[in-house]
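> Structure, please.
(one chain, ligands or ions: 1)
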Amino acid sequence: MVTRRLLTASLAVFFVGMCLQSGGFGAESGESGGWKASGELVERLSKRSSETNYDEQKVPAYTLPDPLVGSDGSRVTDGRMWRQKRRGEILELFRGHMYGRSPVGRPKDMTFDVFDLDRKALDGAAVRKQVTVSFTGKKDGPGMDILIYLPAPPKEPVATFVLLNFGGNHAIHPDTAIRLAKSWMRQRGAGVVDNRATEKSRGRDRSSYPVEEILKRGYGLATIYYGDIDPDFHDGFKNGVHAAFDKPVGGGRAPDAWGSIAAWAWGLSRAVDYFESDGDIDHKRIAVLGHSRLGKTALWAGAEDERFAIVISNNSGCGGAALSRRRFGETVERINRSFPHWFCENFKKYNGREDKLPIDQHMLVALMAPRPVYVASADGDLWADPAGEFLACKHAESVYRLLGAEGLGQGEMPPLDQPVRTGKIGYHVRSGGHALTAYDWRQYMGFADMHFSSRR
Ligand code: GCU
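All right, here's what the predicted structure looks like:
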């Protein structure tokens with residue numbers, strides 16, 4: 001009798017779950033109020049590329065998978081089920097179908113070499129450290145340099161933002177003591193010659209790294225050149241950390257072997273390994289941040305490694321915070337064509353077939369729960385689909401609520417330059433284009449003030 005009743009009850013839960021899966025999250029086009037893309041911009045961008053959709057009205061109807069319905073159709077009804085079953089299941093889906101599978105944990109032979117320590121850097125405002133991480137313990141093997149600035153004099157272990165950078169550590173600040181990046185670099189203007197950084201690029205990207213302001217607010221900043229971990233071009237995974245850690249299957253790479261985004265995220269976790277050994281850094285208060293492709297990376301790092309206490313995505317777009325099923329701006333097919341090395345091989349199966357994906361990016365945001373997560377878009381950055389980024393936050397909320405946390409607390413897209421950050425999910429759409437700006441940093445520091453003060 002009891003068994004029967006139980007069976008009936010679980011069938012009912014299963015049925016409700018299936019209904020939600022097939023109907024509950026459908027057709028979102030036109031759903032958002034508040035911010036809307038400028039009509040003039042939509043027209044201009046649409047003319048430039050007929051292949052790309054920038055028109056909200058042309059977003060296809062779609063159904064999102066429900067983060068709270070398991071692969072077997074059962075509904076996740078409490079925090080324990082989420083932690084013990086569904087979270088791991090979603091993580092595995094992202095590994096198998098999208099970002100690929102990374103080596104697990106800390107490499108056993110990895111070493112840290114603190115080659116620079118100045119307790120009176122930046123005219124006495126900072127402690128500067130530079131650390132070489134040798135992933136295999138070999139000096140001629142793959143490795144990365146971490147540049148760290150902490151407020152001086154350090155009074156207690158400092159909450160720290162960590163982010164990968166595009167132009168080398170030396171490009172974030174004119175401080176001449178920063179070691180020039182040596183790894184392969186994309187041609188980014190006159191400061192890069194033959195794919196190598198030159199002195200000319202020192203401090204070139206400083207507008208995206210308000211170091212002095214960050215220090216004044218009491219935070220540390222740690223940054224790493226992403227090309228140290230894996231050079232950002234498709235060479236069949238012969239360089240960077242792939243070459244050192246790949247385990248070929250049947251003479252080739254497995255279709256779910258890690259791509260470059262997963263490799264960069266793995267590098268961020270190795271930085272946390274270092275932070276755990278540095279008494280000046282509070283490794284329980286690490287916020288991981290990233291812009292654009294490195295915003296996708298920050299999200300994946302936060303999903304894979306729960307040591308990141310706050311996760312921040314700046315204009316990450318397709319393959320980051322934007323819902324793939326909307327096919328607005330950059331699409332799965334387009335990203336796989338332009339950057340065939342970013343994701344695992346399996347992801348290419350979803351080119352033009354987003355509806356077949358067992359996941360969508362709201363589930364990536366949900367993997368941060370109940371930790372604070374912040375997603376930011378830019379008004380002019382339609383390629384990254386601001387509305388799709390907002391909707392991913394919105395549809396991650398059910399998981400936060402299940403875990404007893406307030407999520408976004410906002411059903412509609414907020415107006416321009418009006419950040420939403422009352423709960424554990426923060427969001428803003430700022431004026432201007434695709435960039436990491438001082439305005440963005442201010443919102444992130446405000447968000448960290450809210451959430452880190454209670455963690456001390
Ligand atoms: C391209 C790419 C985006 C990416 C961006 C960047 O625009 O299509 O997916 O986010 O580069 O990283 O700058």
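> and the closest residue to the ligand within the stretch 101-250 of the chain, how many neighbours?
Closest approach between the stretch 101-250 of the chain and the ligand, counting by C-beta to the nearest ligand atom: Phe166, at 7.7 Å. C-betas here are computed from N, CA, C, even on glycine. Each residue near Phe166 was counted by other C-beta atoms under 10 Å, and the total is 20.
> likewise Lys120?
Going by other C-beta under 10 Å, the residues that sit close to Lys120 add up to 12.
> Mind checking what secondary structure Gly302 has?
Following DSSP: H, G, I helix; E, B strand; the rest coil, the label given to Gly302 is helix.
> So Val375 is in contact with Glu389, correct?
Yes: if you go by C-beta atoms under 8 Å, Val375 and Glu389 touch, sitting 5.3 Å apart.
> Find the residues that touch each one of the two.
Shared contacts of Val375 and Glu389, defined by C-beta atoms under 8 Å, 6 or more residues apart in numbering, comprise Ser313, Ser316, Ala321, Tyr427.
> List the contacts of the third one.
Residues near Ala321 by C-beta under 8 Å, 6+ apart: Gly295, Leu299, Ser313, Gln361, Leu364, Val365, Val375, Gly388, Glu389, Ala392, Cys393.
> where does the fifth one land in three-state SS?
This points to Leu364. Quick answer, by three-state DSSP: Leu364 is helix.
> any idea how far it is from Trp441?
Leu364 is 23 Å from Trp441, where distance means C-beta to C-beta, to the nearest Å.
> Comparing those two, which residue is more hemmed in?
Leu364 (29 against 22).
> residues contacting the more buried one?
Shown in contact with Leu364 (C-beta under 8 Å, 6+ apart): Phe94, Leu299, Trp300, Ala303, Ala321, Ala392.
> Of the residues you listed, which is the most crowded?
Top of those by neighbour count (other C-beta under 10 Å): Ala321, with 34 neighbours.
> Would you mind stating the distance between that one and Lys200?
34 Å.
> With Met144 instead?
Distance, Met144 to Lys200, by C-beta to C-beta: 23 Å.
> more crowded one of these two?
Neighbours were counted for Met144 and for Lys200 using other C-beta under 10 Å; Met144 has more, 28 against 12.
> ok so, going back, ok, of the shared contacts of Val375 and Glu389, which one's closest to Asp417?
Tyr427 (12.1 Å; C-beta to C-beta).
> Tell me what that closest one is bridged to.
Val375, Val420 (DSSP bridges).
> tally of neighbours for it?
When neighbours are counted by other C-beta under 10 Å, Tyr427 registers 26.
> Next: Thr52.
So Thr52, with other C-beta under 10 Å, has 17 neighbours.
> Nearest residue to it in space, ignoring adjacent ones along the chain?
Spatially, and ignoring its direct neighbours in sequence, Thr52 is nearest to Gly329 (6.4 Å; C-beta to C-beta, 6 or more residues apart in numbering).
> Might you enumerate the residues of the stretch 151-300 of the chain proximal to the ligand?
For the stretch 151-300 of the chain, the contact set with the ligand under C-beta under 6 Å from any ligand atom comprises Ser292, Arg293.
> If we use 8 Å, what do you get?
Proximity of the stretch 151-300 of the chain to the ligand, by C-beta under 8 Å from any ligand atom, involves residues Phe166, His291, Ser292, Arg293, Leu294, Gly295, Lys296.
> can you tell me how far the second one sits from Ile310?
Spelled out, it's His291. 16 Å.
> Next: Gly70.
Using C-beta to C-beta, Gly70 is found at 28 Å from Ile310.
> ok, the two, which is more surrounded?
Shown here are Gly70 and Ile310; by other C-beta under 10 Å, Ile310 has more neighbours (26 against 18).
> who touches that one in this structure?
So Ile310 contacts Ile286, Ala287, Val288, Arg371, Pro372, Val373, Tyr374, Phe447, Ala448, His451, Phe452 (C-beta under 8 Å, 6+ apart).
> Surely the second one forms part of a helix?
In other words, Ala287. No: membership of Ala287 in a helix is not supported by three-state DSSP, which gives strand.
> and it, how many neighbours does it have?
Ala287 has 26 neighbouring residues, counting by other C-beta under 10 Å.
> from what I can see it touches Gly220, true?
No: using C-beta under 8 Å, Ala287 and Gly220 do not qualify as a contacting pair, with a distance of 10.0 Å.
> Common neighbours of the two, please.
Common neighbours of Ala287 and Gly220 (C-beta under 8 Å, 6+ apart) are Ala159, Thr160, Phe161.
> Surely the first one touches Ser453?
No: under the criterion of C-beta under 8 Å, Ala159 lies out of contact with Ser453, with a separation of 9.4 Å.
> Looking at these two now, which is surrounded by more residues?
When neighbours are counted by other C-beta under 10 Å, Ala159 and Ser453 differ, and Ala159 comes out ahead with 26 against 10.
> how would you label that one: helix, strand or coil?
State at Ala159, reduced to three classes by three-state DSSP: strand.
> Return the residues in contact with it.
Gly218, Tyr219, Gly220, Asp282, Arg285, Ile286, Ala287, Ala448, Phe452.
> Could I get the contacting residues of the second one?
Contacts were defined as C-beta under 8 Å, 6+ apart; by that measure Tyr219 touches Pro151, Val158, Ala159, Thr160, Phe161, Met445, Ala448.
> In JSON lines, list the residues you listed along with pLDDT and distance to Ala181.
JSON lines is the format used below for these (pLDDT from 0 to 100; distance: C-beta to C-beta, whole Å):
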{"residue": "Pro151", "pLDDT": "97", "distance to Ala181": "25"}
{"residue": "Val158", "pLDDT": "97", "distance to Ala181": "25"}
{"residue": "Ala159", "pLDDT": "97", "distance to Ala181": "26"}
{"residue": "Thr160", "pLDDT": "98", "distance to Ala181": "21"}
{"residue": "Phe161", "pLDDT": "98", "distance to Ala181": "20"}
{"residue": "Met445", "pLDDT": "98", "distance to Ala181": "26"}
{"residue": "Ala448", "pLDDT": "98", "distance to Ala181": "27"}
